[in-house]
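Asks: quick check, what structure comes out for this input:
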Amino acid sequence: MSIDLVLGPRPDEPGPPIGGPTSYPAEVEQRLVADAALIIARYPQARSALLPLLHLVQSEDGYVTGAGIAFCARQLDLTDAEVAAVATFYSMYRRTPTGEYLVGVCTNTLCAIMGGDAILDVLETELGVHAGDSTSDGRITLEHIECNAACDYAPVIMVNWEFFDNQTPTTARQLVDQIRSGGVPHATRGAQVCSFRDTARTLAGLSADSAPGGGAPGGATLAGLRVARELGMSAPRFGESEGS
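Replies: Numbering: from 1, shown residues only. Down below sits the predicted model:
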């Protein structure tokens, strides 16, 4: 699984929520406190659990809300501002309601050259939304994403952080049509894609029945290693300088 770690807000994504409820209903709070305790216990210092706790509240709401920020702050004895600073630093934490499937199209240099921009244009037309928006049924949120280190399979689409490699406008349209019709896509190098909220719960470190599974590296990723082995090439051992 790969996740988008771009720093700072993008032009098509609104800023963090302001105001609104600062706590969950009692039954939700009780359940989240129990989950949070499991997560926090894994860390020598409680505040180190902030990233997975943000995934936890994202799994509850589909994005990081004011209530989620306040919850994390209470669990870790931090201020809301300290939590919000982290939540807005990473784009993997959503700041607006997110559909069941987050469909991201890479538009960085190589993917764009290979057709990423054309794919994004097609999906905006097909779904009737702009990047950063969700379909009216809440099924799909479309976004453009930054590099996810899959340039060897460009252009790449991510669905809930799972890779869909070597895409074209046609295959991208088929992918979103499958999702809209109720189908569950299967990642090119991974497992069957689970919902965005289940994905967030998995990233929080809590098992889910539909937890995604990673796949082995593909042939394109290993091509350089294969050629190096065929030519008898190897890297210097640790502590040795090249040519020694």
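
Asks: number of nearby residues for G66?
Replies: Neighbours of G66 under the rule other CB atoms under 10 Å: 18. Just so you know, the C-beta spots here come from the backbone N, C-alpha and C atoms, and that holds for glycine as well.

Asks: now do it against T98, distance only.
Replies: Taking CB to CB, to the nearest Å as the measure, G66 falls 16 Å from T98.

Asks: also P44?
Replies: From P44 across to T98, the span is 32 Å (CB to CB).

Asks: ok, L127 next?
Replies: For L127 relative to T98 (CB to CB), the value is 14 Å.

Asks: one more: T125?
Replies: As judged by CB to CB, T125 and T98 stand 21 Å apart.

Asks: compare these two and say which is more crowded by neighbours.
Replies: Set side by side, T125 and T98 show more neighbours around T98, with 22 against 11, by other CB under 10 Å.

Asks: spit out the contact partners of the more buried one.
Replies: Taking CB atoms under 8 Å, 6 or more residues apart in numbering, we find T98 in contact with G62, Y63, S134, T141, F196.

Asks: quick one: Q167 and I119 touch, right?
Replies: Yes. Taking CB atoms under 8 Å as the definition, Q167 is a contact partner of I119 at 5.8 Å.

Asks: any shared contact partners between these two?
Replies: Contacts common to Q167 and I119, judged by CB under 8 Å, 6+ apart, are P155, I157.

Asks: domain parsing for this protein?
Replies: Residue ranges for each domain of the chain read 26-89, 101-196, as given by the TED database.

Asks: right, I'll call it a day here.
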